[in-house]
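A.B. asks: With the input below, show me the fold.
(one chain, ligands or ions: 1)
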Amino acid sequence: MLEVHLGEVDISPKELDKRAAAREFPYDSGVWLFKELIHESMPSKCIVSRREGNTKLYSHKRVSEFAGIRELYLKHEGENPTGSFKDRGMTVGVSEAVRLKAKIVCCASTGNTSASLASYAALAGLKAVVFIPSGEIAYGKLAQSIAYGAKVVQIKGNFDDSMRLIQEAAAHLNMYILNSVNPWRIEGQKAITFELMQQMGWDGPDWIALPAGNLGNTSAMGKAFSELKELGFIEKIPRIAAIQSEGANPFYLMWKAGASELVRVKHPDTIASAIKIGNPVSWKKALKAMKISNGVVEQVSDNQILDAKAIIDASGIGCEPASAASLAGVKKLREKGVIKAGQKVVCILTGNILKDPNTTVSYHTNKLDSIKPSYMNPPVEVDGNLDAIMKALKA
Ligand SMILES: *Cc1c(COP(=O)(O)O)cnc(C)c1O
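C.D. replies: This next block holds a predicted model:
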């Protein structure tokens, strides 16, 4: 086929214009669309936006069958401008930094927060400083942070050390801190919930599952739902399922024991680096979210996370490892009978498939210690001739 020829075209430019959403700055952002519910007094001239949010809902037979749930949707926050939901909190946090005339913004990060901060700070013309645990973040995230021009400080220690040190450094160096201890980050992240509810006609699912690390996102979702209920926008709050990795599970342990204090996990260990956190900052607010939503906390193994990721990836949707904890958790909760087959479920996919290509390739080539991949698709290497190729493709 050398060229494609169009048949009769039955559409006018005017109709095309009408199709496009009539949203104007800043309401073309999936965060600032809800400005009154997030930061009403923010002056337009201070807003630093990349039209974040506006992420889509997907469903796929293969994903539904894997979890054993007929009506299962994936909301893909990896479609945000820097590839994770962190952009939703960051647009609000960096805009606030501009409003306050801050000169330097900073954060500690397992990777995605620093990538997001670096991008938004560069847009705003602010200096950015990020602390990341040395050798513990996915390559795509490190690449973004460096490339967007942040000062990247690799701390010899884990995320929890970085988090403690950034708070000390911020106080000494007059830097504006943009971790989720900053309330504006949480305010922005509420927009995942607002947008999801709007997409579903303000009639939510029975369950929403999300990966839980530092617990900022879980907290934001709880706050968003209690506000929507109070405002009369919704009648019923969906149940939140917060999913942790078995190797980084302090919130799970606390919830399961019915304890009122969190005991930190000293040496958190999981392949899902975005949730490799032993001492989550927002556990109190997250506990509130569990209470108001009649939520549950579940834990899943790295193997379960990576198998769930392989299913999401092979359905054409794709996500980074931590994101797939949501689907792995839903499958486990379905098997336990906590979630019923006929219930409507949404999983939040928190990050993009390209964030951590090393883990993906290692899974498919069976090179990960203590992981038994159930859904491998390794590339094959062949000699450069047609015979060898035919042989490989017939195998
Ligand atoms: C930050 C992050 C999480 C964890 O969110 P918390 O708010 O820290 O609980 C999960 N997945 C991805 C991809 C993230 O970037």
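A.B. asks: tell me the contacts of residue 64?
C.D. replies: Taking C-beta atoms under 8 Å, 6 or more residues apart in numbering as the contact definition, residue 64 lies against 70-72. The C-beta positions use only the backbone N, C-alpha and C, and glycine is treated the same way.
A.B. asks: Kindly recompute the last result at 6 Å.
C.D. replies: residue 72 (C-beta atoms under 6 Å, 6 or more residues apart in numbering).
A.B. asks: what about it, helix or strand, and which?
C.D. replies: With elements delineated by DSSP states H and E, residue 64 resides in helix 61-67, which encompasses its position.
A.B. asks: from the middle of its chain, how far away would that helix be?
C.D. replies: In terms of C-alpha atoms, centre = their mean, to the nearest Å, the gap separating the centre of helix 61-67 from the centre of its chain is 21 Å.
A.B. asks: got the residues of the stretch 201-350 of the chain near the ligand?
C.D. replies: On the criterion C-beta under 6 Å from any ligand atom, the ligand has as its neighbours in the stretch 201-350 of the chain the residues 211-218, 274-275, 320, 322-323, 350.
A.B. asks: Tell me which of those residues fall in strands.
C.D. replies: Counted as lying in strands by DSSP state E, out of those, are residue 211.
A.B. asks: Can you lay out the residues of the stretch 201-350 of the chain next to the ligand as JSON lines showing pLDDT and neighbour count?
C.D. replies: Rendered in JSON lines, the data for those read as follows (pLDDT from 0 to 100; neighbours: other C-beta atoms under 10 Å):
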{"residue": "211", "pLDDT": "98", "neighbour count": "31"}
{"residue": "212", "pLDDT": "98", "neighbour count": "35"}
{"residue": "213", "pLDDT": "97", "neighbour count": "30"}
{"residue": "214", "pLDDT": "95", "neighbour count": "27"}
{"residue": "215", "pLDDT": "97", "neighbour count": "26"}
{"residue": "216", "pLDDT": "96", "neighbour count": "25"}
{"residue": "217", "pLDDT": "97", "neighbour count": "30"}
{"residue": "218", "pLDDT": "98", "neighbour count": "31"}
{"residue": "274", "pLDDT": "96", "neighbour count": "30"}
{"residue": "275", "pLDDT": "97", "neighbour count": "27"}
{"residue": "320", "pLDDT": "98", "neighbour count": "30"}
{"residue": "322", "pLDDT": "98", "neighbour count": "32"}
{"residue": "323", "pLDDT": "98", "neighbour count": "33"}
{"residue": "350", "pLDDT": "98", "neighbour count": "30"}
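A.B. asks: Who are the contact partners of the nearest residue to residue 120 once chain neighbours are set aside?
C.D. replies: Closest residue in space to residue 120, ignoring its immediate chain neighbours: residue 94 at 4.1 Å, by C-beta to C-beta, 6 or more residues apart in numbering. The neighbourhood of residue 94, defined by C-beta under 6 Å, 6+ apart, consists of 48, 120, 124.
A.B. asks: And residue 172, by the same measure?
C.D. replies: The contact partners of residue 172, by C-beta under 6 Å, 6+ apart, come to none.
A.B. asks: ok, how many other residues are close to residue 205?
C.D. replies: 19 (other C-beta atoms under 10 Å).
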